[in-house]
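1. Sequence and predicted structure are below.
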Amino acid sequence: MKLFLVITITILVTSIVYAQEKIENFNDVKELELSFSLKSTIQLNKIENNPSLEFIKATLSFFPREDYRQRVINEQTSSNPQVPVEREDNTLIFKWTSIDEENTNKIEYGINSKVLTRNEFIKITKEIKFPIRNLDNSLIEYTKATEFIDITPEIEAKAYELIGTETDLYKTVFKIADWTKNNIKYDLSTLTANVVQKSSWVLKNKEGVCDELTNLFISMLRSVGIPARFVSGMVYSNLDYKFGPHGWAEVYFPEYGWIPFDITFGQYGWIDPSHVKLKDDVDSGSPTAEYNWRGYGLDLKVEDIKIETNYGRIGEKFISPLTISIDPYKKSAGPESFVPLLVAVGNPTDYYISTSVVIKKAPELTENNVKQVLLKPKETKTIGWIIKVPENIEEGYIYTAELEATTDYGDMATSQIKYSNEYDYFNKESADKIIESLKERETKSTFTSLQISCSGDKQLYYSNETATIKCQITSQEEIKNFDFCIKDKCQGLSLAPGETKTIEQKFTSIMAEKIAIIAEDNKRVKYVYLDLKVIGVPDLYVTEFRPNAVNFKDDVEITFLINIDTPIKDLELQFEDGNKLVIGDLKDSRGVNIKTNGRSLVNGLKFQAKYRDEGNKEYEKDMAVPVNVKNIPWYAKIILAILDLF
């Protein structure tokens, strides 16, 4: 019996774009109709005479998806040679099994879609508590580190520093998003433009492109127990007035679902209609397409995937619910004055809204002209900049400067400021104090005198076990009537000075997660996290067994997939005839190819799998796959019947 592994390769996306009308953005339109096309070519090159190709499979995961803001109007797939397309696990599968290798030198496939995107956002009408107290098991993977979205002590420390004592989930996510945008330099000239870097690299070097900014944002959220995932797609940019590949995030809000956050565009809790969602994943490094084939005498070259996206019909103007006004703190000022510029943004709705505020017209500003603001229902906020009045002002003249501010949704406010040698001077120190007074104060202080220490009853758990979490709470001062919660199990406590209380809670069917432990009253809050190391019990199984039937006297090639639902190590397959296949570490699935004969498969394909889980526990599993063996001679049936007696 000869054993082989089926080869798998991955190809990433490139983009082909064409210029259209130079529109700045689509923030203020209700909807946008877009055309999307994707195509690729697989080149077949003969390297031996009489080549043979049993199959080629292209698994495409990059195409328009439907959600609350995006609808696929129509979708057409194409292939040459033409094959039916299967849809499986959010992928499109093109599989060619009958190819004339002598006369076919390339295979083509693609997809064309019309997509309608809408300027809509999920309306969060109430405060969602942070930390998240209880999380569905299906979301746990979105709080864990991955290859590119890694979590280091530095990332976690930065997240906690930014959050402070915030208890509102939307505000928490907003703070991390805004810090990332304002402190990580977006730079296409860096090496990250071609090679994706891990979040830890981005935090250290403070630079990156859209994927890196998004990776770091997601890493910081996950480090404090907030589920987040990476979204790949296309977007329109006014840098070159074209559509191109882009990455952003979606953050999970309990009771509401996945909410988009685009750090690069400064769109927190919504995205404009030029965003076309093509894929979401737990990591940013997953491929656009995967290819499998089996054959000989051929060299296959897969060309880069080419994508073209264009806009068609532009919908009506989006009517913003916000109000905006702009006013200088002083209507007039002398030369070299520093004058606060105040912009008030109001939200009359019953849901949260985030927007950028852009100063479009003003004399020299002392900082960037764009700031983001998050407004709770019925809330109005004033944000500020500082204008620097010119130094050289001619005697006897009064100058008038126009002031203009806009929001993401097309709201605009205007005003004026006058400056002359005759007007009073306003110094920078006074201006700074006024701007500082506008900054949002934290609503709750921290329990500085409270110490919380928690641990599990074991170092390592399996996902079907029960965990007992024990916490010791000590206070240096008297604290009356506060809530103490482990996940979603809460109780009221009071502590005398120097008193320690011990709280225990049991949790069944646990997952690997950060357990939120929270102490809170009306004015103060403190929370810590307990990391539990939890691994799943591995379950090994076989799928895609081919062929379905064999002849008793024939030599055959069998292929199948070995699958696992949780990572394992040192996998070995020991077959009945003494052959052994060493696979090693396995994270999801692996293809296996076996050369054997029909007579050895009469009782099925039998083998023993040996492997270890992440906790180094050893497993042995006897596996048998039934095989339909045809044309068994009469004498063989008699022998098999006799053997069955023993």
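-> Received, thanks. Numbers count the residues shown, from 1 in each chain.
2. Return the set of buried residues in the lengthiest strand in the chain.
-> In the chain, taking DSSP state E as the definition, the longest strand is strand 31-46. With burial defined by 16 or more other CB atoms under 10 Å, the residues of strand 31-46 counted as buried are Glu31, Leu32, Glu33, Leu34, Phe36, Ser37, Leu38, Lys39, Ser40, Thr41, Ile42, Leu44. All C-beta atoms are positioned from the backbone trio N, CA, C, and that covers glycine.
3. Run through the neighbouring helices and strands of the next helix or strand after that strand.
-> Moving toward the C-terminus from strand 31-46, the first helix or strand encountered (DSSP states H and E) is strand 52-60. Based on contacts counted as 3 or more CB pairs under 8 Å, 6 or more residues apart in numbering; DSSP states H and E, the elements that strand 52-60 packs against are strand 31-46, strand 91-96, strand 106-118, strand 289-296, strand 298-302.
4. Show me where the stretch 301-450 of the chain has its helices.
-> 428-438 (DSSP state H, counting those that start in this stretch).
5. Next, the angle from the longest strand of the chain to strand 298-302.
-> Between strand 31-46 and strand 298-302, the angle comes out at 160 degrees (axes from the mean of the first three to the mean of the last three CA atoms, to 10 degrees).
6. Output strand 31-46 as CSV, restricted to C-alpha atoms.
-> Taking C-alpha atoms only, strand 31-46 is exported to CSV below (Å, rounded to 0.1, in the frame of the first residue of the first chain):
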residue,chain,number,x,y,z
GLU,A,31,-28.3,53.1,-1.2
LEU,A,32,-25.8,52.1,-3.9
GLU,A,33,-26.1,49.5,-6.7
LEU,A,34,-22.7,47.9,-7.5
SER,A,35,-21.4,45.4,-10.0
PHE,A,36,-18.8,42.8,-8.8
SER,A,37,-16.8,40.4,-10.9
LEU,A,38,-14.1,37.9,-10.0
LYS,A,39,-12.2,35.7,-12.3
SER,A,40,-9.1,33.5,-12.3
THR,A,41,-7.2,31.1,-14.5
ILE,A,42,-5.5,27.8,-13.8
GLN,A,43,-2.7,27.2,-16.4
LEU,A,44,-2.0,23.5,-17.3
ASN,A,45,1.6,22.8,-18.5
LYS,A,46,2.6,19.3,-19.7
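7. Where does pLDDT dip in this protein?
-> Counting by pLDDT under 70, the chain has low-confidence residues at 1-21, 101-103, 188-195, 439-443, 512-513, 636-646.
8. can we see that at 50?
-> Applying pLDDT under 50 to the predicted model, the residue ranges of the chain that meet it are 1-19, 190-193, 441.
9. can I see the domain layout of it?
-> Domain assignment for the chain, taken from automatic domain parsing, gives 8-120+287-314, 137-280, 329-438, 445-535, 540-645.
10. In this structure Phe230 contacts Leu213, no?
-> No. Using CB atoms under 8 Å, Phe230 is not in contact with Leu213, being 11.3 Å away.
11. Not counting sequence-adjacent ones, nearest residue to Arg599?
-> The spatial neighbour of Arg599 that comes closest, neighbours along the chain excluded (CB to CB, 6 or more residues apart in numbering), is Phe552 at 5.6 Å.
12. Quick check on that neighbour: phi, psi?
-> Here the main-chain torsion angles of Phe552 (degrees, to the nearest 10) amount to phi -60, psi -40.
13. May I have the residues that are in contact with it?
-> With contact taken as CB atoms under 8 Å, 6 or more residues apart in numbering, Phe552 is in contact with Gly598, Arg599, Val602, Val629, Lys630, Asn631, Ile632, Pro633, Ala636.
14. What of Ile218?
-> Ile218 makes contact with Ile149, Ser199, Ala228, Arg229, Phe230, Ala249 under the criterion CB under 8 Å, 6+ apart.
15. Check the gap between it and Asn421 for me.
-> The span separating Ile218 from Asn421 equals 53 Å under the rule CB to CB, to the nearest Å.
16. Tell me the helix or strand right after the strand or helix carrying Gly233.
-> Under the criterion DSSP H and E, the helix or strand holding Gly233 is strand 228-237. Using DSSP H and E, the helix or strand that follows strand 228-237 in sequence is strand 242-253.
17. Which SSE is immediately downstream of that following strand?
-> Going down the chain from strand 242-253, the next helix or strand is strand 257-262, by DSSP H and E.
18. Can you give the contact residues for the helix or strand that that following strand is followed by?
-> Scanning forward in sequence from strand 257-262, with DSSP H and E defining helices and strands, the next element found is strand 267-268. Identification of contacts with strand 267-268 by CB under 8 Å, 6+ apart yields Val173, Phe174, Ala177, Asp178, Pro260, Phe261, Asp262, Ser354, Ser356, Gln372, Leu374, Asp408.
19. which helices and strands sit right next to the longest strand of the chain?
-> Taking 3+ CB pairs under 8 Å, 6+ apart as the contact cut, strand 31-46 packs with strand 52-60, strand 106-118, strand 298-302, strand 306-314.
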